[in-house]
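Enquirer: model this:
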Amino acid sequence: MASLFKSTGIIAFSVLISRVFGFIREILFANFFGASGVTDAFFIAFRIPNLFRRLVAEGSLTVSFIPVYTDFLVKKGKEEALLLAQKTLSLLVLFVFIIILLGEFFTPQIINIFAYGFQHPETINLAINFTRIMFPYLFCASFVAFSMGVLNSHGYFFAPAFSTVLLNISIIFGITFFSLFFQQPIYGVTVAVLIGGLAQILLQIPYLIKSGFKLKISIDFQHSGIKKIFKLILPTIFGTAIYQINIIMGTLLASLLATGSISYLYYSDRLAEIVAGVFIISIGNVILPEMSKLNAAKDYKKFKQVYVSSLNFSLFLALPASLALIAIGLPIITVFFLRGSFTVEDAKLTYQALFYTSLGISSLALLRIITPTFFSLKNTKTPVITSTLAFFINISLGFFLMKTSLKHAGLALANTVAVTVQVFILFLYLQKKIGKINLKKITLSFSKYLVAAGIMSLSINHLSKLIDWFNCSLIIKIFFLISLILAGGAIYFIGCWILKVEEMKILLKKIKAFRDRK
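Expert: Take a look at the predicted model:
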């Protein structure tokens, strides 16, 4: 458990820094380029390589490669595992190179699919040009995803997690500096994406060398490990595609509502990601290689212990984040967005979406633990089946709720319900797969988190009413919001300490050990 804290802390710090720079990037982009046909063309072009990245790299390669790689690492030794890594990278480079060539050649047709509504020839041409410049970024992202699989399996978490920071910094330079050298300034941002991708690759190389990896081209479709990866990767590609279709369909449904509905949902999702996504992403990245090793070693007792500890740890972090967003979500929205064209009414409507989105944070945190657990068991089909079920629940329930008084908030609630149902089914199925787990421990821990988080949320909600968040100055709001966050954190952690929460004890020990080293 202590090692999970350490590894998760490394990734959480990197993801947090990345989210901060990402938010700065978005603010600068809006200030420099506003909202126009040019920015629409850029966003479409930037989305396309990222969609392919999720399909062939982050979403599929990592979860398929890590269990097989760690299996080789445990059973056949480091040399055989690194040989598998060489062959995997060789095939990945070949596959991605073919996709990039096809993407460059068929860019006009791809734009016609993704931007069917574009009417102006100039906007269409810009989207084509931007896409052709940024499509090679797919190689950079794929290399980083591969590196994550190797490095995380060897206990190196920093380089893959920190790589997105470099991309965001590069884009910020593109917005503020590179754009000055182009007649159409936004071209500077497209170039910055490629520079950021190259920086991401360069960051991985020293750590790959440290892990023992040597770059060597070796195409081998008959290798036993490659066959296992291909067997696992097909369902995950389908599952990732379902997830992307889910997002597209949700946006489509929101587009049928009043103007601004898509923005309300977007802003609420961004806030939820900033507050809770740091820890959800971090622990999910740590648990897959850890549990894959335990499964390979057939240490099922420790496997279940890590699984239960990870569930508790994720709830320990996600539950207070969820209740805090519900308690002071509106003040947070006013600090981040209430200026210019963003009105008080927009803030209230965004909070409606944020309220229901926040209810699902704990379910998302559990999903981030349970799904990698299935992957570590080399079972990719079950998560795909449940994600397909969740997709149909989300779309059908969302279509119904959007016609009620909830409107756009109904879409957020539908997504929360769908994720919760998916988690419940996966949890029950996994119990049958690995045997009974200590449910009493999970229930008792959850009750303690809930009590501490409940007291915290009621307290900060009461304190938040001391000022007028719609009319007072931004400086006062920022100061008061920081005070609320610090007070909320203190109340929650003191509550956990009084209730003798195990995770709190471990956290205090880590802090004490760090202080003693200094």
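Enquirer: quick one: low-confidence ranges for the stretch 201-350 of the chain?
Expert: Low-confidence segments of the stretch 201-350 of the chain, defined by pLDDT under 70, are located at 236-241, 243-245, 247-248, 251-252, 255, 259, 276-292, 340-341.
Enquirer: which residues of it fall in helices?
Expert: Along the stretch 201-350 of the chain, counting by DSSP state H, counting those that start in this stretch, helices occupy 224-255, 261-272, 278-296, 300-337, 344-359.
Enquirer: Could you identify which of the ones you listed is most buried?
Expert: Among those, judged by mean count of other CB atoms under 10 Å, the one packed with the most neighbours on average is helix 278-296 (a mean of 24). Any C-beta I mention is one placed from the backbone N, CA and C, and that applies to glycine too.
Enquirer: nearest to G454, of the helices of the stretch 201-350 of the chain?
Expert: When the helices of the stretch 201-350 of the chain are ranked by proximity to G454, the top entry is helix 300-337, at 6.7 Å, counting by CB to CB.
Enquirer: neighbours of I482, just the number please.
Expert: Using other CB atoms under 10 Å, the number of residues around I482 comes to 11.
Enquirer: backbone phi and psi for it, please?
Expert: Its backbone dihedrals place I482 at phi -60, psi -40, with angles given as degrees, to the nearest 10.
Enquirer: Next, the contact list for F21, please.
Expert: When contacts are counted by CB atoms under 8 Å, 6 or more residues apart in numbering, F21 touches V165, N168, I169, I172.
Enquirer: number of nearby residues for the second one?
Expert: When you say that, I think you mean N168. N168: 20 surrounding residues under other CB under 10 Å.
Enquirer: Find me the pLDDT at the closest residue to it other than its chain neighbours, would you?
Expert: Residue nearest to N168 in three dimensions, not counting chain neighbours: F21, with 3.8 Å by CB to CB, 6 or more residues apart in numbering. At F21, the model reports a pLDDT of 87.
Enquirer: Got the confidence number for L101?
Expert: Listed pLDDT for L101 reads 94.
Enquirer: Please tell me how far it sits from F375.
Expert: Taken as CB to CB, to the nearest Å, the spacing of L101 relative to F375 amounts to 30 Å.
Enquirer: Those two: which is more packed in?
Expert: When neighbours are counted by other CB under 10 Å, L101 and F375 differ, and F375 comes out ahead with 23 against 11.
Enquirer: give me the element the residue lying closest to the more buried one once chain neighbours are set aside is part of.
Expert: The spatial neighbour of F375 that comes closest, neighbours along the chain excluded (CB to CB, 6+ apart), is V63 at 4.5 Å. Following DSSP states H and E, the helix or strand that holds V63 is helix 61-75.
Enquirer: which parts of that helix are buried?
Expert: Neighbour-count burial for helix 61-75, with 16 or more other CB atoms under 10 Å as criterion, is recorded at 61-74.
Enquirer: ok, residues contacting it?
Expert: 80-81, 84-85, 88, 92, 142, 145-146, 148-150, 152-153, 225, 228-229, 232-233, 236, 288-289, 292-293, 295-297, 372, 375-378, 380.
Enquirer: and that helix, what's its mean pLDDT?
Expert: Per-residue pLDDT values over helix 61-75 give a mean of 80.
Enquirer: Taking helix 61-75 as reference, get the angle to the following helix or strand past it.
Expert: Following the chain from helix 61-75 toward its C-terminal end, the next helix or strand by DSSP H and E is helix 78-105. If you take axes from the mean of the first three to the mean of the last three CA atoms, to 10 degrees, helix 78-105 sits at 170 degrees to helix 61-75.
Enquirer: what packs against helix 78-105?
Expert: Applying 3 or more CB pairs under 8 Å, 6 or more residues apart in numbering; DSSP states H and E, one finds that helix 78-105 makes contact with helix 37-53, helix 61-75, helix 137-153, helix 224-255.
Enquirer: Output these as CSV; include the columns distance to G360.
Expert: Formatted as CSV, the helices and strands packed on helix 78-105 follow (distance: least, CB to CB, whole Å):
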stretch, distance to G360
helix 37-53, 23
helix 61-75, 22
helix 137-153, 26
helix 224-255, 13
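Enquirer: Ok, which of the ones you listed comes nearest K500?
Expert: Each of those was checked against K500 via CB to CB, and the shortest separation belongs to helix 137-153, namely 32.3 Å.
Enquirer: Buried residues, the closest one. List them.
Expert: Residues of helix 137-153 classed as buried by neighbour count (16+ other CB under 10 Å): 137-153.
Enquirer: L319: which of the buried residues of helix 61-75 is nearest?
Expert: Ranked by distance to L319 (CB to CB), the buried residues of helix 61-75 are led by V63 at 25.7 Å.
Enquirer: From P383, how far off is that closest one?
Expert: Here the criterion is CB to CB. By it, V63 lies 9 Å from P383.
Enquirer: which residues do those two both contact?
Expert: With contacts defined as CB under 8 Å, 6+ apart, the residues shared by V63 and P383 are F375.
Enquirer: closest to L430 out of the helices of the stretch 201-350 of the chain?
Expert: The closest of the helices of the stretch 201-350 of the chain to L430 is helix 300-337. By CB to CB, the value is 8.2 Å.
Enquirer: That closest one vs helix 261-272, what angle?
Expert: In terms of direction (the same axes, to 10 degrees), helix 300-337 departs from helix 261-272 by 120 degrees.
Enquirer: got the angle for the helix holding V63 vs helix 37-53?
Expert: Between helix 61-75 and helix 37-53, the angle formed by their directions is 30 degrees, by the same axes, to 10 degrees.
Enquirer: May I have helix 61-75 as PDB, with CA atoms only?
Expert: Listed next in PDB are the C-alpha coordinates belonging to helix 61-75 (Å, rounded to 0.1, in the frame of the first residue of the first chain):
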ATOM      1  CA  LEU A  61      -1.700  -0.800 -26.700                       C
ATOM      2  CA  THR A  62      -0.900   0.000 -23.000                       C
ATOM      3  CA  VAL A  63      -3.600  -2.200 -21.500                       C
ATOM      4  CA  SER A  64      -2.800  -5.100 -23.900                       C
ATOM      5  CA  PHE A  65       1.000  -4.800 -23.700                       C
ATOM      6  CA  ILE A  66       1.500  -4.400 -20.000                       C
ATOM      7  CA  PRO A  67      -0.100  -7.700 -18.800                       C
ATOM      8  CA  VAL A  68       1.800  -9.700 -21.400                       C
ATOM      9  CA  TYR A  69       5.100  -7.900 -20.800                       C
ATOM     10  CA  THR A  70       5.000  -8.300 -17.100                       C
ATOM     11  CA  ASP A  71       4.100 -12.000 -17.600                       C
ATOM     12  CA  PHE A  72       7.300 -12.400 -19.600                       C
ATOM     13  CA  LEU A  73       9.200 -10.300 -17.000                       C
ATOM     14  CA  VAL A  74       8.200 -12.600 -14.200                       C
ATOM     15  CA  LYS A  75       8.200 -16.000 -15.900                       C
END
